[in-house]
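1. everything below, folded, please.
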Amino acid sequence: MKKILVIHGPNLNLLGKREVDIYGKTSIDQINKELTAVADSKKVELSVFQSNHEGEIVDRIGEAKAKGFGAIVINPAAYTHTSVAIRDAVSACDIPVVEVHLSNIYQREEFRHTSLIAPVAKGQISGFGKKSYMLGLEAAIELLG
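-> Model (predicted):
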């Protein structure tokens, strides 16, 4: 069975409660439930992980291939713009990575316009709310063939 890892970065555990005008009212649990339903319908095993800690995210990316994952869908959240460590982990992991964002990072503050992850990811989807995750999962499934 094909396996995909979904990684939610910092503060995404607060979805539905913080800045709902930007991130919407959908909780991370609701997003995970919808992702799991899509994965099940496509006969893909899905594992989801959320952390506010950069090193934990780096560890998960680094061990993904050895644990049998064929692709990663990641919302690095604030680490998108600051983490060379996550960028390097994505670059080194040797499996396709799809970067997703709920908001359109290019319509927001100037400092959010630069993604350190995008140049080493297979692709990026942003600005579609929770649908960004669904589109990212669909893209990852396609990449697995």
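
2. in terms of helices and strands, where is the residue nearest the centre of the chain?
-> The geometric centre of the chain, computed from its C-alpha atoms, lies nearest to Ile74 (C-alpha atoms, centre = their mean), at 1.7 Å. Secondary structure from DSSP states H and E places Ile74 in strand 71-75.

3. may I see the buried residues of the helix or strand following that strand?
-> With elements assigned by DSSP H and E, the helix or strand that comes after strand 71-75 is helix 84-92. Buried residues in helix 84-92, defined by neighbour count with 16 or more other C-beta atoms under 10 Å: 86-87, 89-90. From N, CA and C alone the C-beta is placed, and that goes for glycine too.

4. could you say what helices and strands helix 84-92 packs with?
-> Here helix 84-92 touches helix 54-63, going by 3 or more C-beta pairs under 8 Å, 6 or more residues apart in numbering; DSSP states H and E.

5. strands of the chain, residue ranges please.
-> Here the chain has its strands, by DSSP state E, at 2-8, 44-50, 71-75, 97-101, 123-126.

6. include distance to Glu63 when you put the ones you listed into CSV, please.
-> Formatted as CSV, the strands of the chain follow (distance: least, C-beta to C-beta, whole Å):
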stretch, distance to Glu63
strand 2-8, 10
strand 44-50, 11
strand 71-75, 11
strand 97-101, 14
strand 123-126, 23
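
7. just send the ones you listed back as CSV, with mean pLDDT and distance to Arg112 too.
-> CSV is the format used below for those (pLDDT from 0 to 100; distance: least, C-beta to C-beta, whole Å):
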stretch, mean pLDDT, distance to Arg112
strand 2-8, 98, 17
strand 44-50, 98, 20
strand 71-75, 98, 13
strand 97-101, 98, 9
strand 123-126, 98, 10
